[in-house]
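Asker: Dropping the sequence and predicted coords here.
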Amino acid sequence: ADQPIVLGIETSCDETGIGLVRGHTLLADTIASSIDEHARFGGVVPEVASRAHLDAMSPTVESALAKAGLRLADIDAIAVTAGPGLAGALLVGVAAAKAYALGLGVPLYGVNHLAAHVAVDQLEHGPLPKPCLAMLVSGGHSSLLLVPDVAKEVISLGSTVDDAAGEAFDKVARVLGLPFPGGPHIDRAARDGSGTAIAFPRGKADDGTLDFSFSGLKTAVARYVEKHGGSLSIPDVAASFQEAVVDVLTRKALAACAQHDVHDLLIGGGVAANSRLRALAQERCDAAGVRLRVPRPGLCTDNGAMVAALGANLLEAGIAPSPLTIPADSSLPI
Ligand code: KG4
Ligand code: ZN
């Protein structure tokens, strides 16, 4: 029999993401982003994001369907990010998902955004090993997860106690006068600098927990920039900051693998696009005998395909659909 077609809706932040999958085959992944409208504020403005989702929702669904050569009537289930994320932004996606599910008479699955970041990798690299370890690093989260089965059980092992990794990239970029979002600009600037030029602090690196802290690092960079003003090498600051972040991230990810005797590490979220993080993670995984999976950058950042991919897992596992009364929950726990 044909595998079910799932429409995924993601609106937890500034991206209106619509994905279509058949089983774990990606059919379409369409994104409308309001990031340009937020750039001048130096961060995502919730009200602006919510309105942009409302405008973008049905055109983005239409364009995903057109790309996949499908019609609404072909959809077998709807999956939507129920949280965590910006409350008003989530509400738009959840309301749209309910309307589609009701109108089409198909099951609705409200899913966790972090679990969806894990599930997306199947679209590129096939079934997830059970268990696997996932590190999610983005503008909104920095988490280490133990994943016995993405459809049934995802366990939080640690997360940031202050700034998210991507948030640190964005704040440091701002201090260096680089545009928002800053991650890609720091990545690029760092290629001409040295990661060992400046010894920036590694927050919580050796505290024995699987939690992260990046606000001390951010402050240290700001102080350094203040002190060295005109004589500053932006590439060296960018590279040394970046090295401090990816050193701690990879160290803790591999410590988590060792502690839980897991041999497969998945990295996702926007910061997974970072070239130095990918290189150092590969190096340290090779040394530890851990297999590394990193989805291509377009699947690492927020998108609808990840939500559709997790929806397919839930259908496959025979999990009961969500009621049409399911709320959007901005702090939905994993
Ligand atoms: O997953 P994402 O698109 O959105 C959420 O925050 O959920 O992640 C965006 C974050 C931003 O903070 C951005 O600066 C960061 O990912 N980012 C990067 C790179 N590309 C995006 N950080 C470091 N290096 C990159 N190449
Ligand atoms: Zn995300």
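Answerer: Everything's here; your move. Numbering: from 1, shown residues only. Ligands and ions are numbered 1, 2, ... in the order given.
Asker: For the closest residue to ligand 2 within the stretch 201-334 of the chain, which residues are in contact?
Answerer: Nearest residue of the stretch 201-334 of the chain to ligand 2 (C-beta to the ion) works out as Asp302 at 4.5 Å. Any C-beta I mention is one placed from the backbone N, CA and C, and that applies to glycine too. With contacts defined as C-beta atoms under 8 Å, 6 or more residues apart in numbering, the neighbours of Asp302 are 10, 12-13, 15, 17, 113, 138, 270.
Asker: and if we set it to 10 Å?
Answerer: Residues near Asp302 by C-beta atoms under 10 Å, 6 or more residues apart in numbering: 10-17, 31, 33, 81, 85, 113, 116-117, 138-140, 269-270.
Asker: Okay, His142 and Leu210: tell me how far apart.
Answerer: Let me fix one detail, which is that residue 142 is Ser and not His. 11 Å (C-beta to C-beta, to the nearest Å).
Asker: repeat for Lys152
Answerer: For Lys152 relative to Leu210 (C-beta to C-beta), the value is 22 Å.
Asker: More neighbours: which of the two?
Answerer: The neighbour count for Lys152 versus Leu210, taken as other C-beta atoms under 10 Å, is higher for Leu210 (20 against 12).
Asker: So the more buried one is in contact with Ala253, correct?
Answerer: Yes: between Leu210 and Ala253 a contact is recorded at 8.8 Å, counting by C-beta atoms under 10 Å.
Asker: if I look at the two, which residues touch both of them?
Answerer: Common neighbours of Leu210 and Ala253 (C-beta under 10 Å, 6+ apart) are 135, 144, 157-158.
Asker: re earlier: ligand 1 versus the residue of the stretch 201-334 of the chain closest to ligand 2, what's the distance?
Answerer: 5 Å (C-beta to the nearest ligand atom, to the nearest Å).
Asker: contacting residues for the residue of the stretch 101-250 of the chain found nearest ligand 1?
Answerer: Here the residue of the stretch 101-250 of the chain nearest ligand 1 is Gly183; by C-beta to the nearest ligand atom that distance is 2.1 Å. By C-beta under 10 Å, 6+ apart, the contact set of Gly183 is 137-139, 165-170, 172-173, 242, 270-271, 273-274, 301.
Asker: Kindly report the residues of the stretch 101-250 of the chain close to ligand 2.
Answerer: Within the stretch 101-250 of the chain, the positions lying close to ligand 2 (C-beta under 5 Å from the ion) are Ser138.
Asker: got the residue ranges for the helices in the stretch 101-250 of the chain?
Answerer: Taking DSSP state H, counting those that start in this stretch as the criterion, the stretch 101-250 of the chain carries its helices at 113-119, 121-125, 165-175, 183-190, 215-228, 234-259.
Asker: Tell me which of those sits most buried.
Answerer: Across the helices of the stretch 101-250 of the chain, averaging neighbours per residue (mean count of other C-beta atoms under 10 Å) puts helix 113-119 on top, at a mean of 29.
Asker: If I look at the closest residue to Val246 other than its chain neighbours, what pLDDT would I see?
Answerer: Excluding the flanking residues, the one nearest Val246 by C-beta to C-beta, 6 or more residues apart in numbering is Leu277, at 4.4 Å. Predicted confidence (pLDDT) at Leu277: the value is 98.
Asker: for Ala1, same thing?
Answerer: 57.
Asker: domains in the protein, as residue ranges please.
Answerer: According to automatic domain parsing, the chain comprises the domains 5-120+303-316, 128-297.
Asker: Tell me the span between the first and last residue of the shortest one.
Answerer: Okay, so that is domain 5-120+303-316. 12 Å (C-alpha to C-alpha, to the nearest Å).
Asker: Tell me which residue in the stretch 51-200 of the chain sits closest to ligand 2.
Answerer: Ser138 (4.5 Å).
Asker: how about that residue, phi and psi?
Answerer: When quoted as degrees, to the nearest 10, the phi and psi of Ser138 stand at phi -150, psi -170.
Asker: Tally up the residues packed near it, please.
Answerer: Ser138, neighbours per other C-beta under 10 Å, totals 26.
Asker: how much space between it and Gly193?
Answerer: When C-beta to C-beta is the yardstick, Ser138 and Gly193 sit 24 Å from each other.
Asker: circling back to that earlier point, host element of the residue nearest to Val246?
Answerer: For Leu277, the host element (DSSP states H and E) is helix 275-288.
Asker: Return every residue with contacts to both of Ser142 and Leu210.
Answerer: Going by C-beta under 10 Å, 6+ apart, residues that sit against Ser142 and also against Leu210 are 135, 158-159, 252.
Asker: Out of those, who's the most crowded?
Answerer: Going by other C-beta under 10 Å, Met135 tops the shared contacts of Ser142 and Leu210 with 32 neighbours.
Asker: What pLDDT is listed against it?
Answerer: 98.
Asker: Is it correct that the residue of the stretch 51-200 of the chain closest to ligand 2 is in contact with Cys300?
Answerer: Yes: using C-beta under 10 Å, Ser138 is in contact with Cys300, at 8.2 Å.
Asker: shared neighbours of the two, anything?
Answerer: With C-beta under 10 Å, 6+ apart, Ser138 and Cys300 have common neighbours 117, 268-273.
Asker: Tell me which two in those residues are the farthest apart.
Answerer: The largest separation in the shared contacts of Ser138 and Cys300, counting by C-beta to C-beta, is between His117 and Ala273 at 12.9 Å.
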